[in-house]
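> build the 3D model from these lines:
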Amino acid sequence: MACEADDRFFVAVHVGAGFHAPSNEKALRSAMKRACLAAASILRKGSGGCIDAVGAAIKVLEDDPCTNSGRGSNLTEDGHVECDASVMDGESGAFGAVGAVQGVRNAIQIAVLLAKEQVSGSSLLGRISPMFLVGEGARMWAKSKGVASDDIVEGADAWLVTETARNQWRRYRAMLDDAKAITNSTASVEAQSRDLPKLNEGGTQPYPPKTLEENGIADTVGVICVDSKGHIASGASSGGIALKVSGRVGLAAMYGSGCWASSRSPSGDPFNVGCCVSGAGEYLMKGFAARECCVSSVLSDDGPVNACLRVLQSVNERSAGFLLVEADASATGVGISEKLKAVEIVAAYTSSSFGIGYFGSSMDRPKLSILRSTRLQNQDGGGQFAARINLDVEKL
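Below you'll find the model as predicted:
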């Protein structure tokens, strides 16, 4: 017996590329499961709710302190939470994003509102609706729209900043201060010793500690949703890298980089695909990683897995993860609307681990996994996962 066409849906989530401690797996799986179920509760109502479903799922992940988004985010150099988020609708192309915003518990809610206003064209006097807001302006705009925010940053930080994040910040801040002291000390000695160029030759040079990326800090969460007609949307949210400079906007907010969704191929043919990306933003933003994954998947002759791996290798980022979903939806006759038949989900990653989960209308429960790379996978260009889910059947 086939699933009813109006009830079909699919949702995929990830909790970042990096290193996820085995001791934290249970909490991460729980967060992904609840995110899948939150999106499903909206998608079951029929078509047209993809952006809201993405927003609902990411809100769950933002509220869970085990992820680096919303509550529990990495702290800036001066000890505050600044969040980035974005969402994109594949059918309309609407995109909404917020960057470096303080004092807001759920940055994704602002991104969703921005995307919806582009579709509705609700701005007065014919003004162009904003697509991307940052900082205090983003917070005040959100407050005017009823998005929950505190009057002062410290009020929001009381909820957003967790003890774990604060302890991590203290540890890394001390490392940074030590590195600055070493650098300044070295510069001073060099300045005093210009007439003695051989003084330190052959001696040991104190180096700064390893970079924070080498400590395996997970970044960016992401969600991709598909409704009963095959319409697709994707979104991303992040607290950014640890000790980031205040005002830094990362991958999760940047157009074409943190998330992408499209209902058409470059030639204009129907092709529903969405992607969300995690990793060091300064590298991945340059290559418009999420968009390139989708375009590569459309044009690929050897499947979406290889398409994603090619993009992953091209950006040369050693700790990144791509999550991509292709939706198979077609009309059965003239005048009959499209219906979702199946999806293909793909994950490609170069990080130590990559947490993913997915749930479809033909499944009894979400499937959740913390993918972990092996030495052989790293030699082959990265870890990978792929599955095709038939949604035109009874529950699995």
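> going by C-alpha atoms from here, please, whenever you check contacts or count neighbours.
OK.
> all the strands of the stretch 1-150 of the chain, in order from the start?
10-18, 83-89, 95-101, 132-134 (DSSP state E, counting those that start in this stretch).
> just the buried positions in stretch 35-45, please.
35-40, 42-44 (16 or more other Cα atoms under 10 Å).
> what would the strands of the stretch 1-150 of the chain look like in JSON lines with mean neighbour count?
Converted to JSON lines, the strands of the stretch 1-150 of the chain look like this (neighbours: other Cα atoms under 10 Å):
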{"stretch": "strand 10-18", "mean neighbour count": "31"}
{"stretch": "strand 83-89", "mean neighbour count": "34"}
{"stretch": "strand 95-101", "mean neighbour count": "29"}
{"stretch": "strand 132-134", "mean neighbour count": "21"}
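> out of these, the one nearest Pro270 is which?
When the strands of the stretch 1-150 of the chain are compared by Cα to Cα, strand 83-89 sits nearest Pro270, at 14.7 Å.
> could you check the angle strand 95-101 makes with the closest one?
Inter-element angle recorded for strand 83-89 and strand 95-101: 180 degrees (by axes from the mean of the first three to the mean of the last three Cα atoms, to 10 degrees).
> send me strand 83-89 as CSV with only the CA atoms.
Only the C-alpha atoms of strand 83-89 are listed here, as CSV (Å, rounded to 0.1, in the frame of the first residue of the first chain):
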residue,chain,number,x,y,z
CYS,A,83,24.8,33.9,16.0
ASP,A,84,24.5,33.4,12.2
ALA,A,85,21.7,31.7,10.4
SER,A,86,20.1,31.5,6.9
VAL,A,87,17.3,29.7,5.1
MET,A,88,16.5,29.3,1.4
ASP,A,89,13.4,28.2,-0.4
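> can you tell me the strand partners of it and which way each runs?
strand 95-101 (antiparallel), strand 232-238 (antiparallel) (DSSP bridges).
> check the gap between Ala21 and Cys50 for me.
32 Å (Cα to Cα, to the nearest Å).
> correction: the previous question concerned Gly93.
Distance from Gly93 to Cys50, by Cα to Cα: 13 Å.
> which of the two has more neighbours?
Each of Gly93 and Cys50 has its neighbours counted (other Cα atoms under 10 Å); Cys50 has more, 30 against 15.
> show me the residues around that one that make contact.
With contact set as Cα atoms under 8 Å, 6 or more residues apart in numbering, Cys50 has these partners: 43, 89, 225-227, 231-233.
> can I get these in TSV with distance to Pro270?
Below are the contacts of Cys50 laid out as TSV (distance: Cα to Cα, whole Å):
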residue	distance to Pro270
Leu43	21
Asp89	15
Cys225	17
Val226	15
Asp227	15
His231	11
Ile232	12
Ala233	15
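> farthest pair within those residues?
Largest pairwise distance in the contacts of Cys50, by Cα to Cα, is 14.3 Å, between Leu43 and Asp89.
> Lys26: neighbour count?
10.
> also Pro270?
Count around Pro270 with other Cα under 10 Å applied: 14.
> just give the number of residues close to the residue lying closest to it once chain neighbours are set aside.
In this structure, Pro270 finds its nearest non-sequential neighbour in Arg264, 4.6 Å apart by Cα to Cα, 6 or more residues apart in numbering. Neighbours of Arg264 under the rule other Cα under 10 Å: 16.
> now do the phi/psi pair for Arg264.
Phi and psi for Arg264, reported as degrees, to the nearest 10, are phi -140, psi 150.
> check the one 10 residues further on too.
Geometry field for Gly274 lists phi and psi as phi -140, psi 150, criterion degrees, to the nearest 10.
> wait, it sits on Val325?
Yes: between Gly274 and Val325 there is a contact under Cα atoms under 8 Å: 5.4 Å.
> can you list residues touching both of these two?
Contacts common to Gly274 and Val325, judged by Cα under 8 Å, 6+ apart, are Ile224.
> sorry, back to before: make TSV from the strands paired with strand 83-89 and add mean pLDDT and distance to Asp78 to it.
Formatted as TSV, those follow (pLDDT from 0 to 100; distance: least, Cα to Cα, whole Å):
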stretch	mean pLDDT	distance to Asp78
strand 95-101	97	13
strand 232-238	98	18
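> beyond the least confident helix or strand in the chain by mean pLDDT, next helix or strand please.
One helix or strand of the chain scores below all others by mean pLDDT, DSSP states H and E: helix 375-379, with a mean of 62. Using DSSP states H and E, the helix or strand that follows helix 375-379 towards the C-terminus is strand 383-390.
> what residues sit buried inside that following strand?
383-384, 389-390.
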